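A.B. asks: Give me the fold of what follows.
(one chain, ligands or ions: 1)
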Amino acid sequence: MTDLLFTPLKVGALTLPNRVIMAPLTRMRATFPDDVPNALMQAYYLQRASAGLIICEASQISPQGKGYMDTPGIYSAAQVDGWRAITGAVHAAGGRMCMQLWHVGRVSHHSLQPDNALPVSASALPYRNRTSVRGPDGKPQRADCDTPRALETNEIPGLLDDYRRATVNAREAGFDMVEVHAAHGYLLQQFQSAESNHRTDAYGGTLENRARLTLEALDAVIDAWDAAHVGIRISPLGVFNGLDDAAGLEMGLYLAEQFAARGIAYLHLSEPDWAGGPALNEEFRRALREKFPGVIIGAGNYTKEKADTLLAKGLIDAAAFGRPFIANPDLPRRLQSGAPLNTPDQKTFYGGGAEGYTDYPALA
Ligand code: PHB
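C.D. replies: Numbers count the residues shown, from 1 in each chain. Have a look, this model is predicted:
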């Protein structure tokens with residue numbers, strides 16, 4: 001029987017040699033204070049170059065888009081240079097890399113913002129939880145997210161320019177494609193959800209209005225490159241980052257239809273169970289597939305068995321692995337051969353150095 005996970009897949013302008021995708025993973029190891037990608041990050045991504053596609057950790061499109069300490073950016077010349085060294089190393093090893101474009105919105109703290117400003121969101125409604133800021137000892141420390149200020153309608157064109165510029169930067173940095181992060185309770189989903197969006201302008205109210213910013217950001221990114229080099233990630237039923245989106249299903253299906261109309265390279269579905277939500281049911285998967293006939297990447301608590309089952313049913317086209325890729329630099333080979341997997345250590349997920357980052361062993 002063909003092992004579908006190890007067959008090639010055309011994704012927009014790219015052809016992947018396998019369907020084992022490295023999921024975007026926040027690791028908080030960029031160089032302080034300018035959030036520049038560095039040699040340690042290069043070593044980490046290079047070790048994982050056998051992935052069908054590496055989707056890099058979420059990277060802020062502007063200083064305002066940052067919500068955790070030491071996450072990398074994609075807005076400055078130094079950041080572009082840092083990323084270029086990383087994509088160059090991954091390409092030389094035969095891999096491919098996609099940049100994940102991120103704006104956290106209200107999941108932030110003024111100490112992470114330019115001039116200690118308040119973070120922005122759809123409305124001045126707080127995410128009632130904590131994020132990771134730089135403590136006095138230089139180590140991550142938890143701090144309550146601030147109550148954000150609502151973006152003014154006339155600030156939205158500038159925000160779209162940030163998405164456009166970040167896309168141009170990603171191209172210049174040698175990325176093979178870009179992914180818009182429209183999931184996980186960050187800025188674009190803060191607009192999607194009626195829970196966090198109480199706006200009365202064209203970006204709030206109806207479902208179409210709440211989806212508007214996501215689609216305008218997507219269109220800005222397509223405009224800066226082309227649809228064949230653009231994917232997008234959504235988490236329609238996700239509970240991560242305090243979102244309880246009653247209309248998540250409906251929003252997910254509406255967005256999928258809009259994405260299909262634009263002919264983008266892929267839809268990346270972050271499933272709720274990785275963050276403690278319920279597993280997606282097959283009815284939703286089938287409805288989504290109907291709305292989006294292109295490439296669907298599934299992510300969230302994937303095992304080889306889960307991937308095989310959904311691939312065989314045609315409900316996904318590729319599977320993204322997060323925590324397994326943290327602990328197994330050679331994950332594709334291990335999945336293909338049935339070799340045992342290393343166990344990830346949660347204590348070293350965020351921040352720190354090489355420990356728990358570049359020291360997980362590959363098979364001999
Ligand atoms: C996180 O830092 O925990 C994080 C970042 C981006 C995501 C999800 C989680 O999309």
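A.B. asks: burial of the residue in the chain that the ligand sits nearest to, as a residue count?
C.D. replies: In the chain, the residue found nearest to the ligand is Thr26; the distance is 3.3 Å by C-beta to the nearest ligand atom. Bear in mind the C-beta positions are built from the backbone N, C-alpha and C, glycine included. Using other C-beta atoms under 10 Å, Thr26 has 19 neighbouring residues.
A.B. asks: How about the contacts made by it?
C.D. replies: Thr26 sits next to 57-58, 68, 71, 349-350 when contact means C-beta atoms under 8 Å, 6 or more residues apart in numbering.
A.B. asks: Among the residues you listed, which one has the most neighbours?
C.D. replies: Most surrounded of these: other C-beta under 10 Å gives Ala58, at 27 neighbours.
A.B. asks: Quick check: that residue touching His181?
C.D. replies: Yes. Using C-beta atoms under 8 Å, Ala58 is in contact with His181, at 5.4 Å.
A.B. asks: got the residue ranges for the helices in the chain?
C.D. replies: 39-47, 77-92, 156-172, 187-192, 207-224, 248-262, 282-291, 304-312, 323-327, 331-337 (DSSP state H).
A.B. asks: ok, back up a step: and the furthest pair within the contacts of Thr26?
C.D. replies: Ala58 and Phe349 (13.7 Å; C-beta to C-beta).
A.B. asks: The spatially closest residue to Ala339 that is not a sequence neighbour and Leu341: what is the separation?
C.D. replies: With sequence-adjacent residues excluded and distances taken as C-beta to C-beta, 6 or more residues apart in numbering, Ala339 is closest to Leu363, at 5.9 Å. Distance, Leu363 to Leu341, by C-beta to C-beta, to the nearest Å: 11 Å.
A.B. asks: For the residue lying closest to Trp225 once chain neighbours are set aside, which residues are in contact?
C.D. replies: Leaving aside its sequence neighbours, Trp225 sits nearest to Thr167 (C-beta to C-beta, 6+ apart; 5.4 Å). Residues near Thr167 by C-beta under 8 Å, 6+ apart: 101, 178, 220-221, 224-225.
A.B. asks: Ok, Val107 next?
C.D. replies: Val107 makes contact with 67, 119, 127, 131, 145, 185-186, 241, according to C-beta under 8 Å, 6+ apart.
A.B. asks: any residues in contact with both of Leu363 and Leu341?
C.D. replies: Arg334.
A.B. asks: quick one: which of those two has more around it?
C.D. replies: Between Leu363 and Leu341, counted using other C-beta under 10 Å, the more crowded position is Leu341 (15 against 12).
A.B. asks: Contact partners for the nearest residue to Thr15 once chain neighbours are set aside?
C.D. replies: Once flanking residues are discounted, Thr15 sits nearest to Pro8: 5.6 Å by C-beta to C-beta, 6+ apart. Residues near Pro8 by C-beta under 8 Å, 6+ apart: 15-18.
A.B. asks: Selection in ChimeraX covering whichever of those are buried, please.
C.D. replies: Selecting only the buried entries of the contacts of Pro8 in ChimeraX, with 16 or more other C-beta atoms under 10 Å as the criterion:
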select :16,17,18
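A.B. asks: Tell me which of the contacts of Pro8 fall in strands.
C.D. replies: 15-16 (DSSP state E).
A.B. asks: now the contacts of Pro8 in TSV, with distance to the ligand and pLDDT?
C.D. replies: Shown next, in TSV, are the contacts of Pro8 (distance: C-beta to the nearest ligand atom, whole Å; pLDDT from 0 to 100):
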residue	distance to the ligand	pLDDT
Thr15	27	98
Leu16	22	98
Pro17	26	98
Asn18	23	98
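A.B. asks: Give the burial count for Gly105, as a bare number.
C.D. replies: For Gly105, the count of nearby residues is 26 (other C-beta under 10 Å).
A.B. asks: typed the wrong thing, it's Ala312
C.D. replies: By other C-beta under 10 Å, neighbour count at Ala312 equals 11.
A.B. asks: Give the closest residue to it in space, chain neighbours not counted.
C.D. replies: Leu4 (6.7 Å).
A.B. asks: What does the pLDDT read for the one you found?
C.D. replies: On pLDDT, Leu4 comes in at 97.
A.B. asks: looking at it, Gly277 is touching Gly238, isn't it?
C.D. replies: Yes. The criterion here is C-beta under 8 Å, and Gly277 meets it with Gly238 at 6.1 Å.
A.B. asks: Looking at these two, which one has more neighbours?
C.D. replies: Gly238 (26 against 16).
A.B. asks: gap between that one and Pro126?
C.D. replies: 18 Å.
A.B. asks: got it, and Gly263?
C.D. replies: From Gly263 to Pro126 the distance is 38 Å (C-beta to C-beta).
A.B. asks: Name the residue in the two with the higher neighbour count.
C.D. replies: Pro126 (16 against 13).
A.B. asks: Dump the helices of the chain into CSV; add mean pLDDT and distance to the ligand as well.
C.D. replies: Below are the helices of the chain laid out as CSV (pLDDT from 0 to 100; distance: least, C-beta to the nearest ligand atom, whole Å):
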stretch, mean pLDDT, distance to the ligand
helix 39-47, 99, 15
helix 77-92, 99, 18
helix 156-172, 99, 16
helix 187-192, 97, 10
helix 207-224, 98, 15
helix 248-262, 96, 16
helix 282-291, 97, 19
helix 304-312, 98, 20
helix 323-327, 98, 12
helix 331-337, 98, 19
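A.B. asks: Which of those helices sits closest to Ala150?
C.D. replies: helix 187-192 (10.3 Å).
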